[in-house]
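Q: Need a 3D model of the following:
(one chain, ligands or ions: 1)
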Amino acid sequence: MVTAKNSVLTTEQWKAIRENDENFDDQFFYAVRTTKIFCRPSCKSRVPNFDNVTIFYNADEALAAGFRPCKRCESAGYRLPDEEWVLQAEAFIREHFIEHLTLNSIAEGCHGSPYHLHRVFKRINGITPIEFMQTIRMEKAISYLRKTDKPIHEICTLIGVPNAAHFATLFKKRTGQTPREFRKSDENEVLRHEI
Ligand SMILES: [Zn+2]
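A: Numbering: from 1, shown residues only. Alright, predicted model coming up:
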């Protein structure tokens with residue numbers, strides 16, 4: 001990530017961000033490390049944690065540094081197409097699936113309303129953001145079960161489903177096997193190939 005052109009946040013800028021002061025909209029953009037989105041000072045999105053903020057003086061610099069434009073304040077200077085917003089949501093879910101995520105927190109992280117995100121995501125992907133998140137989690141679980149010796153109670157925490165019984169239920173629903181059965185049959189499969 002390019003950081004050379006970032007500058008330190010001033011008290012005045014921080015005040016403008018907290019107060020959604022549109023008088024500063026032409027002066028700077030602020031990017032937030034946790035959501036990887038950059039906004040105009042006037043954006044009505046939740047006030048970020050001070051330590052996560054980086055300042056940019058034009059949108060191109062923020063984009064070049066890997067930040068995503070905001071749907072709400074149109075920080076890239078154009079209306080974000082739905083397809084691009086859905087890609088943002090997918091990226092957000094891939095980056096945060098280990099955390100406790102809800103439709104509300106995903107929408108908050110993607111600067112839009114939960115209802116709107118749910119509808120647009122489903123229209124474009126055929127599944128809801130929560131279903132997409134569960135798919136990512138189960139893919140990760142399969143990978144851990146196959147490639148590591150980590151115990152199942154540890155794997156379920158690593159994929160964001162800390163309750164082992166709940167994890168087993170979700171996993172079985174998707175694969176037809178419990179995590180334990182899956183690991184065992186996968187080991188047998190590998191053995192067969194080795195012989
Ligand atoms: Zn914004």
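Q: helix or strand for residue 31, which one?
A: strand 29-32 (DSSP states H and E).
Q: do residue 55 as well
A: strand 53-56.
Q: ok, that strand near the ion or not?
A: No: judged by C-beta under 5 Å from the ion, strand 53-56 and the ion are separated, with a smallest distance of 12.7 Å. Heads up, the C-betas are built off the backbone N, CA and C, glycines and all.
Q: starting at the chain centroid, how far to that strand?
A: 19 Å (C-alpha atoms, centre = their mean, to the nearest Å).
Q: OK, contacts around residue 146?
A: 183, 186 (C-beta atoms under 8 Å, 6 or more residues apart in numbering).
Q: That one falls within a helix, correct?
A: Yes: assigned with DSSP: H, G, I helix; E, B strand; the rest coil, residue 146 falls within a helix.
Q: Just the pLDDT at it, thanks.
A: You'll see residue 146 listed with a pLDDT of 94.
Q: Was I right to think residue 142 contacts residue 174?
A: No: if you go by C-beta atoms under 8 Å, residue 142 and residue 174 don't touch, sitting 9.0 Å apart.
Q: out of the two, which sits in the more crowded spot?
A: residue 142 (19 against 15; other C-beta atoms under 10 Å).
Q: Tell me which helix or strand that one sits in.
A: Using DSSP H and E, residue 142 falls in helix 129-147.
Q: Can you name the element that comes right after that helix?
A: Following helix 129-147 toward the C-terminus (DSSP H and E): helix 152-158.
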